Structure formats: C-alpha cells, structure tokens
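Trainee: no FASTA, just this:
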C-alpha cells in the first residue's frame, strides 16, 4: 500500500524505522539516545535542511526537559526541589510548570490514580534512581512513606508557576515527562519549519502532517498480538503504560513498576497495558498512567466518562477492550 509503519509494542519500545527503496530522498530519519531509552524521527525534508541542524534542535529540546524534570540528574530543577528545605517556594521553568499543571489536573480528576509525589513509593518498590533493591517493603514502611506522598500536599500557583516544598516531598514525573518530551521535540522541529514528521521516544509517538506521498504516518499497536492494529497518527499522539518490562521479584512475589499512589502498592490486576490516543503526547502519557492504575473495569469506565480513546489489553484471553472513542477513530 506504500505506507510507512513504525512497529510499536504496547508497553515497549519502537523499532527503528527501516528506509525502503521506494522512499523519496526527502523522507529522512534520525535517531539517538535519551532518558535511558532511544528516540527516532522520520520526517519530510523538502528544503533538505542539514541533518545536523535537525539533530541539534531535537537534542536541545530533550536536554531542556532532562535539565528540568529528570530525577536521575542531581542538578536538575526537580532534584533541587526534592532536596529543598521545607517552606521554600520555587519558580518553575515554563515547561516544568506546564507538566505540573497537567499532572495535578489528572490527579484531581482521577482521585489520585496519578500523583507527582509518588517518588518515595516507587523507590521503596525497587525502581528509579533511589531504588531500594533486593528487599520487599514492609506494610509499616509503606505506611510511613505514604505520609510523605499525596498531591494534596503541594501548593502550586498555576498562574505564577511557583511550587511550595512542604518538606520531604519528592516529585517523580516519569509517568508524564516522556510524553511531554515528545511534544517538546515536535515543537522544536516545527520551529525549523518542518510540518510533516513522526517523532518517537521509547515507544511513545506523535505524528504531524503526512508522508511525502500524502499518506498518514502509521504505527502498529501491540505488534506481538494476533489482534495487532495499524493506527494512523494524523496529527495525533499515542502512548502506553504496561507491565511487560520493568518488573521485580522477591521471594516468589513479582510486581511491576506501576505503583498505585492511593494504596502505595504495585498494581495487581489483569491488565498488561493501556494505550491512549490524544492530540498531545503529554496528555496521552498521563492518561495511560491513570488508566493502568485504575485497572480494567474502573479504567474503562473512567475512559468512557471522559471520552478517552483507549485500548485495554489484559494478560488473560478476554481480548482487547476498546472505548467508543478508540473505535470511532480506528475501528474495532
């Protein structure tokens, strides 16, 4: 059919797109490493901008996100906030403030299924830069850490973009920052005058415009499943949250990196992954996190109530479950 596909497995990472002989010279690609994973870009380059100029724009955008929101970087804005004294107020950079607005919005709407203060709980279950490995947290330890979490503790002035550190609160935006980085990279590429591209970080993608042949960018969702779907990303983004990677085991118990902030425990339901389509990757990323935490039934109900295009894939043989908005965009 002459279409270009980026193979994408729900919960996993995108494979690098392989050029075909039929692709015109102006359909170009770049890739690199960022945020512990990879990024890739396919784009229509009718003015034949130098590839190094395009790469520099992407690298600068991603570096800006890391400098602000990576809790793996001790000098980042988020790390400085996490170690700041109680009562200190911090003026957040514009991008950081935008992500906080999104995170706190969905925290309120979902009843805390996503929570930017979840960092200590993620660490105690063995994930992230402060991971406590080779141990299983006691109920008492989880209960104590929960006193340090809760998005309600944050005093965020949305208008001014300032955030108060109440004391011992550690932000973790990993459930949303990668999606924002996709959007931020797309914005940087638009700043170069590029209008037709598919940009991906660690399996989360956003497509704008079309391929040189006029066809939409497409991705293959859940490529390992017999029910795999090809999805057109016509000015849309796609993100996933799942448990196929990033798992731990201790004394016979296995758990994923997805922590339910409401209980302090890893999620323990039948969902393998949730995929969300949205115009912006930051929103898709946040919503995928919300829905995987809420689970197969509450998550589906939440998605229907908020008109979210979502695909739920379980470990059992029930088969994928799609919301009405997903079906309206992609078919069953």
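Mentor: Received, thanks. In this text the structure is predicted, and so the values were computed from the model without any measurement. Residues are numbered from 1 along each chain as shown.
Trainee: the helix or strand harbouring residue 230: which residues count as buried?
Mentor: Per DSSP states H and E, residue 230 falls inside strand 229-232. Neighbour counts over strand 229-232 (16 or more other CB atoms under 10 Å) mark 229, 231, 232 as buried. (C-beta placed from N, C-alpha, C; glycine too.)
Trainee: then stretch 59-67?
Mentor: Buried-residue list, stretch 59-67, by 16+ other CB under 10 Å: 59, 61, 62, 64, 65, 66, 67.
Trainee: wait, what's in contact with the fifth one?
Mentor: The neighbourhood of residue 65, defined by CB atoms under 8 Å, 6 or more residues apart in numbering, consists of 95, 177, 180, 181, 184.
Trainee: geometric centre of the chain: which residue is closest?
Mentor: residue 285 (3.6 Å; CA atoms, centre = their mean).
Trainee: what's the helix or strand for it?
Mentor: helix 281-294.
Trainee: quick one, whatever helix or strand comes next after that helix and helix 281-294 angle?
Mentor: Going down the chain from helix 281-294, the next helix or strand is helix 296-305, by DSSP H and E. For helix 296-305 against helix 281-294, the angle by axes from the mean of the first three to the mean of the last three CA atoms, to 10 degrees is 140 degrees.
Trainee: show me what helix 296-305 is packed against.
Mentor: With contacts defined as 3 or more CB pairs under 8 Å, 6 or more residues apart in numbering; DSSP states H and E, the packing partners of helix 296-305 are strand 271-278, helix 281-294, strand 309-314.
Trainee: please redo it, this time with the cut-off set to 7 Å
Mentor: helix 281-294, strand 309-314 (3 or more CB pairs under 7 Å, 6 or more residues apart in numbering; DSSP states H and E).
Trainee: so how far is stretch 298-317 off the chain centroid?
Mentor: Its chain's C-alpha centre and that of stretch 298-317 lie 17 Å apart, by CA atoms, centre = their mean, to the nearest Å.
Trainee: before we move on, back to that, kindly reformat the helices and strands packed on helix 296-305 as CSV containing distance to residue 267.
Mentor: Formatted as CSV, the helices and strands packed on helix 296-305 follow (distance: least, CB to CB, whole Å):
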stretch, distance to residue 267
helix 281-294, 6
strand 309-314, 13
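Trainee: can I get these in CSV including distance to residue 143 and mean pLDDT?
Mentor: Shown next, in CSV, are those (distance: least, CB to CB, whole Å; pLDDT from 0 to 100):
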stretch, distance to residue 143, mean pLDDT
helix 281-294, 19, 95
strand 309-314, 30, 91
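Trainee: ranking these by burial, who's on top?
Mentor: Neighbour counts (mean count of other CB atoms under 10 Å) averaged over each of the helices and strands packed on helix 296-305 peak at helix 281-294, with a mean of 28.
Trainee: report all helices and strands that that one contacts.
Mentor: Secondary-structure packing of helix 281-294 (3+ CB pairs under 7 Å, 6+ apart): helix 94-110, helix 177-191, strand 204-208, strand 236-242, strand 271-278, helix 296-305.
Trainee: now the angle from it to strand 236-242?
Mentor: Computed with the same axes, to 10 degrees, the direction of helix 281-294 lies at 30 degrees from that of strand 236-242.
Trainee: what lies in contact with helix 281-294?
Mentor: Around helix 281-294, the neighbours that count as contacts under CB atoms under 7 Å, 6 or more residues apart in numbering are 99, 102-103, 106, 110, 113-114, 175-176, 178-180, 182-183, 204, 206, 237-242, 258, 260, 267, 271, 274-278, 299, 302-303, 308, 310.
Trainee: ok, now with 6 Å
Mentor: With CB atoms under 6 Å, 6 or more residues apart in numbering as the test, helix 281-294 has contacts from 102, 106, 110, 113-114, 175-176, 179-180, 182-183, 204, 206, 237, 239-241, 258, 260, 267, 271, 274, 276, 278, 299, 302-303, 308, 310.
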